[in-house]
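Engineer: Here is my input; please provide its structure:
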Amino acid sequence: MKKRSVTVRVARWSALHPWRAVIGWLVFVVLCLGGGIAAGMNSATSEDFRVGEAGRAEALATEGGVQLRSTEHVLIRAASGPLDKGAADAAVKDITARMKALPEVASVADPVRSADGRVLRVQVELNGSEQDDQDTVPPLQAQTEAAAKAHPDLVIEETGDASVSKGVDGQRDKDLQFSEAITLPITLITLAVVFGSVVMVGVPLLLAVTSIMATMGLAMLASHLLPDTGVGMSMILLIGMAVGVDYTLFYLKREREERARAGGRLTSEALVEAAAATAGRAIVVSGLAVIVSTTALFLAGDVIFDSLATGTILVVAVAVVSSVTVLPALLVKLGRRTERRTAKRRARGKTVRTRDETNPGRVWSALLTPARKHPALTLCLSVLVMLGLALPALNLNLKNPARDSFSREIEAMKGYDRLLEAFPELRVRHLVVVRAEASQAADVRAALGELDRKAQADPLFSHPSGAPLLRSSEDRRTTTLELNAPHPTYSEKAEDSLDHLRQDYLPATVDKLPGVETAVTGEVPRGTDYVDHQNEKLPLVLGFLLLMTFVMTVFAFRSVVLGLLGAVLNLLSVGSALGLLVLVFQGDWAEELLSFVSLGGISSRVPLFLFVILFGLSMDYQVFVVSRIREAALNGVPTRQAVLDGIASSAKVVTSAAIVMVTVFASFVMLHILEMKQMGFVLAVAVLLDAFVIRVMILPAALLLLGRATWWPSRAIRRAEALAAQRYGAQTAADQRPFTGQGVARHG
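Structural biologist: Below is the predicted model of the structure:
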């Protein structure tokens with residue numbers, strides 16, 4: 001007897017002990033969530049985000065205690081008409097006193113009046129670094145609100161680094177709640193259409209939600225090894241709902257096929273075991289492929305991608321575990337309920353109808369017709385369409401989304417706009433950091449003064465009053481110079497100002513001093529260096545992904561041809577989705593339609609994220625579809641017929657799963673954060689193209705044209721076909737012999 005696989009043995013135990021399996025799963029979820037809450041979340045610090053020259057500059061400045069600090073601005077203006085000097089002075093005095101009394105505040109600058117005299121600005125520096133202060137800003141905001149109430153004739157508001165970051169986080173939380181509110185109903189409707197049963201709809205959602213809960217707890221524990229950046233939980237929700245429903249859907253569909261095929265001759269336990277042998281194995285292989293693909297994110301050498309990878313790997317692993325352990329138990333309980341209901345109907349003399357689960361239906365049959373009847377033409381046209389969609393990707397321009405791209409529904413961003421309207425010179429801050437011997441301090445300050453004079457003559461720079469320019473550490477070894485530019489952070493002029501600083505002014509001044517170390521940081525330098533870092537890592541990650549896609553496909557199906565085909569199809573999906581992303585978000589024609597402000601480019605994290613996640617999710621469909629084809633071929637069905645049968649039997653469930661995924665991803669397009677919009681859009685488009693073009697048009701057409709060569713170099717399919725031919729020949733010969741009454745030939 002053939003030894004059962006681990007997947008089958010686990011499913012069998014679960015089927016025989018359903019309540020133990022269900023209770024065990026719930027205990028696991030509670031332990032994971034409880035352990036995570038007890039351990040707490042270990043969040044990444046500013047040190048974890050440092051990349052390139054900007055990161056080196058921040059390390060030098062922080063070591064000397066002269067780093068860029070988080071800056072808040074309190075704006076004072078009249079509710080209408082000109083600003084009354086007496087009232088404004090009283091408000092400034094009140095605000096200054098309130099802020100200086102707070103332990104979170106490092107310094108309060110003298111008030112600065114705008115060029116038109118209508119706005120006063122009080123600059124407040126917080127203790128700590130520029131990236132760590134959103135948790136300490138609430139006391140400042142409370143004092144600003146109190147001052148506003150104490151001076152009702154004036155409009156007093158606060159904006160700045162920390163308050164904007166706090167507002168973005170709050171908006172992200174609201175956006176995720178909105179996404180959940182949209183995703184769940186549409187997922188319910190899709191599953192109800194697929195299964196025609198309200199009870200069966202609850203199973204995928206129950207497992208997806210509990211898997212997400214368990215993963216959130218595990219992610220909190222994992223954050224003590226790899227710090228969380230705030231995006232991990234978003235990814236757990238995004239991917240968890242998609243793959244959780246996806247895996248359960250495939251398993252459920254296969255169990256229903258086995259039930260329809262058995263016609264009541266097998267128990268629910270036997271049906272679940274049969275489904276585990278096929279769909280269960282496919283889920284494990286698919287989950288493993290997603291996990292292996294996602295590990296490529298660790299090669300990016302970036303704390304944000306580490307957080308994304310950790311969340312994705314954990315939620316996929318938990319979804320796989322739930323699908324092969326507790327799902328069989330739930331199916332057995334539901335199956336017994338179905339059996340009792342069927343028995344009652346038959347006892348009453350009623351006809352029991354069963355749905356043909358292998359019939360794809362008219363719509364899916366129509367979609368498969370071109371590939372079936374004209375594979376060469378379908379392949380050529382489909383590939384040309386995908387390549388055409390990919391063309392805009394050649395003009396891809398990566399940008400680091402900065403504060404200017406945040407939604408104006410955030411109150412702090414409204415104040416930020418009013419701040420820049422009154423003080424446009426404050427848009428960009430560059431910090432030049434110089435490390436030298438203490439004996440060189442005077443020479444360094446003189447060289448930085450010369451650099452400042454050069455910048456003053458450059459229209460790319462601005463010079464706000466009231467801001468400290470030169471700072472030195474207590475040991476006089478580290479000196480900084482702060483320069484400003486009046487351009488949006490993602491604009492070419494802002495980047496040009498950085499280029500002038502790094503390539504022209506520094507070499508002509510400070511770099512001439514012997515033994516000094518210089519570097520430039522700030523929001524623009526950080527973004528520029530981050531994009532350069534991503535561009536440097538992208539070939540490595542893409543190469544790893546292609547290699548892993550090839551290796552996992554060969555491992556799953558023992559076919560080099562399928563491995564190469566899978567890698568090419570994934571590149572087509574990614575290229576087409578990336579082209580559409582560039583077409584929609586890099587220009588400004590869709591700004592009002594999708595409610596965003598174009599950066600003139602794509603967020604630098606999106607392409608790398610797309611490559612990794614889509615390669616993993618595409619393997620889902622590749623594994624499930626090709627598994628059905630290979631299963632038929634191993635049963636002796638000729639390759640052409642196996643392709644048609646396998647595609648037809650899996651088309652409905654693949655496209656249904658794709659609709660669920662597209663719904664989850666598309667809901668992110670309605671969020672306010674531009675990066676999340678782009679991620680949701682590109683993943684939704686990619687899954688849509690992958691499910692309805694790659695898997696329904698290109699894959700079947702390519703496999704039909706390849707024929708038996710599809711399985712090279714594996715000999716298992718050829719042996720199966722030869723054995724089937726022998727069986728068929730023996731059966732034909734037996735049918736042609738006269739009946740002797742001596743028994744029927746057995747066919748092993």
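Engineer: going forward, measure contacts between C-alpha atoms and count neighbours the same way
Structural biologist: OK.
Engineer: Just the element for the residue positioned nearest the centre of the chain, please.
Structural biologist: Against the mean C-alpha coordinate of the chain, by CA atoms, centre = their mean, the closest residue is M235 at 5.3 Å. Under the criterion of DSSP states H and E, M235 resides in helix 232-262.
Engineer: Which elements pack onto that helix?
Structural biologist: helix 198-222, helix 268-275, helix 303-324, helix 639-666 (3 or more CA pairs under 8 Å, 6 or more residues apart in numbering; DSSP states H and E).
Engineer: Could you list the residues in contact with the second one?
Structural biologist: It refers to helix 268-275. For helix 268-275, contacts defined as CA atoms under 8 Å, 6 or more residues apart in numbering pick out 8, 11-12, 15-16, 251, 254-255, 258-259, 328, 331-332, 335-336.
Engineer: can you rerun that using 6 Å?
Structural biologist: Residues from elsewhere that reach helix 268-275 (CA atoms under 6 Å, 6 or more residues apart in numbering): V8, R12, A15, R254, E255, P328, V332, G335.
Engineer: quick one: the helix or strand that it is followed by to chain centroid distance?
Structural biologist: The helix or strand immediately downstream of helix 268-275 is helix 281-294, counting by DSSP H and E. Relative to its chain's centre, helix 281-294 lies at 17 Å (CA atoms, centre = their mean, to the nearest Å).
Engineer: helices or strands next to helix 281-294 in the packing?
Structural biologist: The helices and strands touching helix 281-294, judged by 3 or more CA pairs under 6 Å, 6 or more residues apart in numbering; DSSP states H and E, are helix 605-634.
Engineer: Give me the distance from the helix it packs on to the chain's centre.
Structural biologist: Worked out by CA atoms, centre = their mean, helix 605-634 lies 17 Å from the chain centre.
Engineer: which element is H73 on?
Structural biologist: In this structure, H73 sits in strand 71-78 according to DSSP H and E.
Engineer: As PDB, could you dump the C-alpha coordinates of the helix or strand just after that strand?
Structural biologist: On the C-terminal side of strand 71-78, the closest following helix or strand by DSSP H and E is helix 85-100. Extracted C-alpha coordinates of helix 85-100, given in PDB (Å, rounded to 0.1, in the frame of the first residue of the first chain):
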ATOM      1  CA  LYS A  85       0.100  93.200  16.900                       C
ATOM      2  CA  GLY A  86      -0.900  93.400  20.600                       C
ATOM      3  CA  ALA A  87      -3.100  90.300  20.400                       C
ATOM      4  CA  ALA A  88      -0.400  88.400  18.400                       C
ATOM      5  CA  ASP A  89       2.400  89.300  20.900                       C
ATOM      6  CA  ALA A  90       0.200  88.100  23.800                       C
ATOM      7  CA  ALA A  91      -0.500  84.800  22.000                       C
ATOM      8  CA  VAL A  92       3.300  84.300  21.300                       C
ATOM      9  CA  LYS A  93       4.200  84.900  24.900                       C
ATOM     10  CA  ASP A  94       1.500  82.500  26.100                       C
ATOM     11  CA  ILE A  95       2.500  79.800  23.600                       C
ATOM     12  CA  THR A  96       6.300  80.200  24.300                       C
ATOM     13  CA  ALA A  97       5.700  79.800  28.000                       C
ATOM     14  CA  ARG A  98       3.400  76.800  27.500                       C
ATOM     15  CA  MET A  99       5.900  75.000  25.200                       C
ATOM     16  CA  LYS A 100       9.000  75.700  27.300                       C
END
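Engineer: can you pull the buried residues of helix 85-100?
Structural biologist: A88, A91, V92, D94, I95, T96, M99 (16 or more other CA atoms under 10 Å).
Engineer: Export the residues you listed as TSV, with columns for pLDDT.
Structural biologist: TSV is the format used below for the buried residues of helix 85-100 (pLDDT from 0 to 100):
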residue	pLDDT
A88	93
A91	95
V92	95
D94	96
I95	96
T96	95
M99	96
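Engineer: Out of those, give me the two with the largest separation.
Structural biologist: Comparing all pairs in the buried residues of helix 85-100 by CA to CA, the longest separation belongs to A88 and M99, at 16.3 Å.
Engineer: Which single one of the buried residues of helix 85-100 is nearest to G636?
Structural biologist: Using CA to CA, the buried residues of helix 85-100 come closest to G636 at M99, 80.4 Å.
Engineer: about what we covered before: G167: which of the helices and strands packed on helix 232-262 is closest?
Structural biologist: Using CA to CA, the nearest of these to G167 is helix 303-324, at 19.6 Å.
Engineer: now for the closest one, which elements pack on it?
Structural biologist: By 3+ CA pairs under 6 Å, 6+ apart, helix 303-324 packs against helix 198-222, helix 232-262.
Engineer: looking at those helices, which has the lowest confidence?
Structural biologist: Ranked by mean pLDDT, the helices and strands packed on helix 303-324 end with helix 232-262 at the bottom, a mean of 80.
Engineer: among the helices and strands packed on helix 303-324, which is nearest Q177?
Structural biologist: Ranking the helices and strands packed on helix 303-324 by proximity to Q177 (CA to CA) places helix 232-262 first, at 10.5 Å.
Engineer: that older thread, please identify which of the contacts of helix 268-275 is nearest to A658.
Structural biologist: R254 (16.9 Å).
Engineer: can you pull out the strands in the stretch 401-550 of the chain?
Structural biologist: 428-435, 470-472, 478-485, 517-522 (DSSP state E, counting those that start in this stretch).
Engineer: Rebuild the ones you listed as CSV, extending it with distance to R362.
Structural biologist: Listed next are the strands of the stretch 401-550 of the chain as CSV, based on distance: least, CA to CA, whole Å:
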stretch, distance to R362
strand 428-435, 59
strand 470-472, 74
strand 478-485, 62
strand 517-522, 59
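Engineer: Any idea which of these gets closest to G36?
Structural biologist: That would be strand 517-522 among the strands of the stretch 401-550 of the chain, by CA to CA, at 34.8 Å.
Engineer: Output the contacting helices and strands for the closest one.
Structural biologist: Using 3+ CA pairs under 6 Å, 6+ apart, strand 517-522 sits against helix 52-64, strand 428-435.
Engineer: again, 10 Å this time
Structural biologist: Here strand 517-522 is seen to pack against helix 52-64, strand 428-435, strand 478-485, helix 492-499, helix 506-508, helix 523-557 when contacts are counted using 3 or more CA pairs under 10 Å, 6 or more residues apart in numbering; DSSP states H and E.
Engineer: Most neighbours among the contacts of helix 268-275, please name it.
Structural biologist: Within the contacts of helix 268-275, neighbour counts (other CA atoms under 10 Å) peak at P328, which reaches 34 neighbours.
Engineer: Helix or strand: which one has that residue?
Structural biologist: Assessed by DSSP H and E, P328 sits inside helix 326-347.
Engineer: Quick check: what element follows that helix along the chain?
Structural biologist: Following helix 326-347 in sequence, per DSSP H and E, is helix 361-373.
Engineer: Give me the packing partners of that following helix, helices and strands only.
Structural biologist: With 3+ CA pairs under 10 Å, 6+ apart as the test, helix 361-373 has helix 375-390, helix 639-666, helix 699-706 packed against it.
Engineer: Ok, which of these comes nearest V164?
Structural biologist: Nearest to V164, of all these, is helix 639-666, at 25.9 Å by CA to CA.
Engineer: Nothing else from me, thank you.
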